[in-house]
Each structure stands twice: as structure tokens, then as C-alpha cells.
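**Q** Take this sequence and fold it.
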Amino acid sequence: MSKFAKVISTIPLIVAPFLVYYLFTRSGYHAAFVALVTLMAVSRAPLIIRDRRLWSTVLPNIALIGLYMILGLVFPHILMVKLLPAFINLVLFTIFTYSIISPPSVIEKIASAMSEGRFQEDQINYTRKVTVVWSVFFFLDMLAVVYIAFYRTMLDWAVFTGAINYILIGVLFFGEILYRKLFLEPAWVKKEEPTDI
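**A** This next block holds a predicted model:
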């Protein structure tokens, strides 16, 4: 997948909360809802078009977006928009947690796809721990979004889901990489080195 496709698919996700806030305060619920649904489709399209492995997800993606559109029209309330990030967190929490109970973990699958060699036992255990950390993050993030959706302002929701949330994800993502590079990979490399007999 090209970097351009990744950028094109990421921009709508970052812009969405602020665009929703602007449209809701200026034009009301329906304008904000239509914008969010459009951005959902736009964010998925470049990934699916560029990666043939994702072609099988076209119908499920259409079904999910269609279901969300129906719910949004049947229940025309701004909470339908504000709670969408919480629902996404719930789905991710479920996927990551299930992979811990039924290995291999999500992080192990991702790492395996990026590596050609076989993993050591301690490396597998580490990927499981990282998966646990992400599961906890998604759960706490879901609770935070629900609280903000019900008890804080629309601007608070936009700032959290459109800025703070991505900062927290970045800190966790790059923090894990830094920790692994500094403290774990040197020991893993040493174990892989052949010993003299």
C-alpha cells in the first residue's frame, strides 16, 4: 500500500470531528451526519482500492455504513454521531481481547506479516502483552468518548476525538517502539547469534 493511499485515508479521520462540529453548529444534525458518513466512505476507499486483500471487505463495509445510515435516520440525534468513535473502540477492544484469549494475538499477526523469521517464545509473549496494553487503551478511550459525548460540549468532543485521541495513540505507538528498540531487541538479537562450541 502506497504512502499516498495511507495519507488520503487518514486525513478524513482527523478532519471528521472538526467538520462535524462546524456543520452541526451551523447547519444542524443532518448536515453533520451526512458529512460523517461521506468521510467514513472516503477514508476506506483508498485502502480497499490499493490492496486486493481488502477487496473481500467491500460488502461488509457497505453493509456497516448502510446500517449506520439507517440508524442515523431512524434516530436523528447528535449522539449517533458523537458515539461512533466509542463504538469503533468497542469493536477494536473486542477484536484485540479475543485474540488474547484465542492466540495468535493481533500484534503477533501484524509482526508476523512484517517479519520473515520465526519468533522466539519471549517475543511471542511480548506481542501478547502489547496486545493487552492496546486492549486496555481502547477500553479506556471508549469510556472517555462516552463520557464526553454525554457530559461535555460538542467542541470538547471534537478536540478529544480529532486531536487528543491521535496524540495519545501516537505516544503509545512510538513509545512502544522506543521501549522495544532500547531494552528488548538487543537481547533478542543476542539470543539469535550462534554460540561457539
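
**Q** how's the chain carved up into domains?
**A** Using automatic domain parsing, the domains assigned to the chain come out as 1-81, 83-197.

**Q** Quick one: find the helix or strand in the chain with the lowest mean pLDDT.
**A** helix 185-192 (a mean of 69; mean pLDDT, DSSP states H and E).

**Q** By mean pLDDT, show me the worst of the domains of the chain.
**A** Across the domains of the chain, domain 1-81 has the smallest mean pLDDT, namely a mean of 80.

**Q** Off-centre distance for it?
**A** Here domain 1-81 is found 14 Å from its chain centre; the criterion is Cα atoms, centre = their mean, to the nearest Å.

**Q** go on, stretch 163-177?
**A** On the basis of Cα atoms, centre = their mean, stretch 163-177 sits 11 Å off its chain's mean C-alpha point.

**Q** got it, and stretch 171-179?
**A** On Cα atoms, centre = their mean, the centre of stretch 171-179 falls 16 Å from that of its chain.

**Q** what's that stretch in contact with?
**A** Stretch 171-179 has contacts (Cβ atoms under 8 Å, 6 or more residues apart in numbering) with 130, 133-134, 137. From N, CA and C alone the C-beta is placed, and that goes for glycine too.

**Q** quick one, strands of the chain?
**A** Here the chain has no strands by DSSP state E.

**Q** So in it, which helix runs the longest?
**A** Criterion DSSP state H: the longest helix present in the chain is helix 121-151.

**Q** in it, what's buried?
**A** By neighbour count on 16 or more other Cβ atoms under 10 Å, the buried set for helix 121-151 is 123-124, 126-128, 130-131, 134-135, 137-139, 141-142, 144-146, 148-149.

**Q** The nearest residue to M69 once chain neighbours are set aside: how many residues sit nearby?
**A** Spatial nearest neighbour of M69, chain neighbours left out: V37 (5.7 Å); criterion: Cβ to Cβ, 6 or more residues apart in numbering. Neighbourhood size, V37 [other Cβ atoms under 10 Å]: 17.

**Q** okay, now I167: neighbour count?
**A** Applying other Cβ under 10 Å, I find that I167 has 9 neighbouring residues.

**Q** ok, back up a step: include distance to S43 when you put the contacts of stretch 171-179 into JSON lines, please.
**A** As requested, the contacts of stretch 171-179 are arranged in JSON lines below (distance: Cβ to Cβ, whole Å):
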{"residue": "V130", "distance to S43": "25"}
{"residue": "V133", "distance to S43": "25"}
{"residue": "W134", "distance to S43": "20"}
{"residue": "F137", "distance to S43": "21"}
